[in-house]
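>>> next come a sequence and a model predicted from it.
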Amino acid sequence: METISAARLTLWPLTVQDADEMAEVLAGEELYAFIGGAAPTLPELRARYAALETRCSPDGRQEWLNWIIRRDTDGRAVGYVQATVEDEGRRAEVAWVVGTAWQGRGYASEAAAALAGWLRARGVARIEAHIHPDHQASMTVAGRIGLLPTDRFEDGERLWAWDRPA
């Protein structure tokens, strides 16, 4: 897996070694207001990253692609982006999380746009994201990367999607 460059950021492939720094980035209960759950403990994060580092679901049907978002100025981790690629590379579900200390600076939009561009260049025909209907910041990011809201809801979240033009 390769790094992906953006204007002020670089997306680095996630490794287990990132867990120590990311535990701090992902701390703070307010980060989970819309996505649910709670801040992971360091052992939980290490175990999760070890599984994700395989880059593939146990049944081989999904490609798990995860990057740490790092600022170019100082290399500091500020969040992550992920893509779960299915249907033989034709469809990707994406997500982005930026730690609360770094929100409001455009990092999520910049990182998500770089990820979406990378997926489109790779031939992905459909990009999707599930977003809580009250999460205005994530809806803004989705719109900036070309996703549009659909009428479909799953677990209380609206599906946003982009399809490659025919």
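Yep, that arrived. Predicted, not measured: the structure shown is a model, and the values here were computed from it. Residues are numbered from 1 along each chain as shown.
>>> got the contact list for the longest helix along the chain?
The residue-count maximum for a helix in the chain (DSSP state H) belongs to helix 107-121. Contact partners of helix 107-121, identified using CB atoms under 8 Å, 6 or more residues apart in numbering, comprise 4-9, 11, 67, 69, 71, 78-79, 81, 83, 85, 92, 94, 96-98, 127, 137-138, 140-142, 144-146, 162, 164. (Each C-beta comes from the backbone N, C-alpha and C, glycine too.)
>>> of those, select the buried ones using a ChimeraX command.
Restricted to buried positions by 16 or more other CB atoms under 10 Å, the ChimeraX selection for the contacts of helix 107-121 reads:
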select :4,6,9,11,67,69,78,79,81,83,85,92,94,96,97,98,127,138,141,142,145,162
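>>> quick one: low-confidence parts of the protein?
Within the chain, no stretch has pLDDT under 70.
>>> tell me which residues form a beta bridge with the residue positioned nearest the centre of it?
The chain has V81 as the residue nearest its centroid, 2.5 Å off, counting by CA atoms, centre = their mean. With DSSP bridges as the criterion, V81 is bridged to W67, W96.
>>> that one against V98, yeah?
No. The criterion here is CB atoms under 8 Å, and V81 misses it with V98 at 9.3 Å.
>>> mutual contacts of these two, please.
Jointly contacting V81 and V98 under the rule CB under 8 Å, 6+ apart are 69, 111.
>>> for the residue nearest to G99 when sequence neighbours are not counted, what are its contacts?
Take G99 and drop its neighbours on the chain: the residue closest to it by CB to CB, 6 or more residues apart in numbering is V25, 3.9 Å away. Counting by CB under 8 Å, 6+ apart, V25 makes contact with 77-79, 99, 101-102.
>>> for T84, same thing?
62-65, 92-93.
>>> can you tell me the helix or strand for it?
Taking DSSP states H and E as the criterion, T84 maps to strand 77-86.
>>> got the contacts of T84 as JSON lines, with secondary structure and distance to D155 columns?
As requested, these are exported to JSON lines (DSSP: H, G, I helix; E, B strand; the rest coil; distance: CB to CB, whole Å):
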{"residue": "Q62", "secondary structure": "coil", "distance to D155": "18"}
{"residue": "E63", "secondary structure": "strand", "distance to D155": "22"}
{"residue": "W64", "secondary structure": "strand", "distance to D155": "20"}
{"residue": "L65", "secondary structure": "strand", "distance to D155": "22"}
{"residue": "A92", "secondary structure": "strand", "distance to D155": "19"}
{"residue": "E93", "secondary structure": "strand", "distance to D155": "13"}
